[in-house]
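J.: I'd like to go over a predicted model; first the sequence, then the structure.
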Amino acid sequence: MSHAHTPPVPEGNQSPYPIQEPPHSHTGTKPADKPASPAAKAKAKDDHTRALAIGAAVGVGAAALALAAGVFLMEERSKPKKGKKPAAHKPKQAPKPKKPKPANKAEAA
């Protein structure tokens, strides 16, 4: 079953917008290919160079920030915290026996 057939649409239900683009008349006019002026080429090259320099600066800045953060975190790990003793291995203590629950006075009566 092919989908090439389009069902009929009632006249009052027609879309105000064209469903298919109307055919274009090709009169043989081509856009003029003018060579770019040397000033336009120089401006485009300057824009490209500037964008490249900005991108490089952002990349170097991000790398420097990541390096500084890494060094800062490494320093924090090597310093002992104030008021805390370094963790030492301690053997586990045996659990304490549980105390028996006292009897309720309501049950005794």
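T.: Happy to help now that I have it.

J.: Just give me the neighbour total for residue 90.
T.: Neighbour count for residue 90, taken as other CB atoms under 10 Å: 6. C-beta here means a position set from N, CA and C on the backbone, and glycine is covered the same way.

J.: now residue 10
T.: For residue 10, the neighbour count with other CB under 10 Å is 6.

J.: quick one: it and residue 20, what's the gap?
T.: From residue 10 across to residue 20, the span is 19 Å (CB to CB, to the nearest Å).

J.: now swap in residue 14 and tell me
T.: 13 Å.

J.: out of those two, which sits in the busier spot?
T.: Neighbour tally, residue 14 and residue 20, criterion other CB under 10 Å: the higher count belongs to residue 14, 9 against 5.

J.: Against residue 43, how distant is the more buried one?
T.: For residue 14 relative to residue 43 (CB to CB), the value is 50 Å.

J.: Under the pLDDT cut-off, which ranges of the protein? List them.
T.: Applying pLDDT under 70 to the chain flags the ranges 1-3, 28-34, 79-89, 105-109.
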